[in-house]
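Enquirer: everything below, folded, please.
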Amino acid sequence: QLQLVESGGGLVQPGGSLRLSCAASGFTLDDYAIGWFRQAPGKEREGVSCTSTRSGTADFSDSMKGRFTISRDIAKNTVYLQMNSLKPEDTAIYYCAARGYYCSTRITQYDYWGQGTQVTVSS
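Expert: Sure, this is the predicted structure:
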């Protein structure tokens, strides 16, 4: 059974850093693209970044480019999102999601989703 489990969220002060993890089970990362998405209260879910063997990495938002970095550890079957210089507007539930082979900016094209992890940026 394909499963994604996020972890690493929490409360951090503005300017701080967090590293989120997305542990995959039931499939291998080589065959799937993993994307990070977030949803703030009252807002639509938006794409953050994506990585896959076939399409490399892609950043979905200029507001996060240069601050957020996606990476993966094939041996651990885990994808990470390193978030630096966090701002209050980064407060959201962060989700990872999987789809076959290639990254996509379209949220509806992701077939499998984790339960999300809360990130709160506040002083």
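Enquirer: show me where the chain has strands.
Expert: Ranges of strands in the chain, per DSSP state E, are 3-7, 10-12, 18-25, 32-39, 46-52, 56-59, 68-73, 78-83, 92-100, 112-113, 117-121.
Enquirer: check T28 and give its pLDDT.
Expert: Listed pLDDT for T28 reads 89.
Enquirer: and for it, the neighbour number?
Expert: Neighbourhood size, T28 [other C-beta atoms under 10 Å]: 10. (Glycine included, C-beta is placed from N, CA and C.)
Enquirer: residues contacting the residue nearest the centre of the chain?
Expert: The centroid of the chain falls nearest to W36 when counting by C-alpha atoms, centre = their mean (2.3 Å). The neighbours of W36, taking C-beta atoms under 8 Å, 6 or more residues apart in numbering as the test, are 20, 22, 47-50, 68, 70, 79, 81, 94-96.
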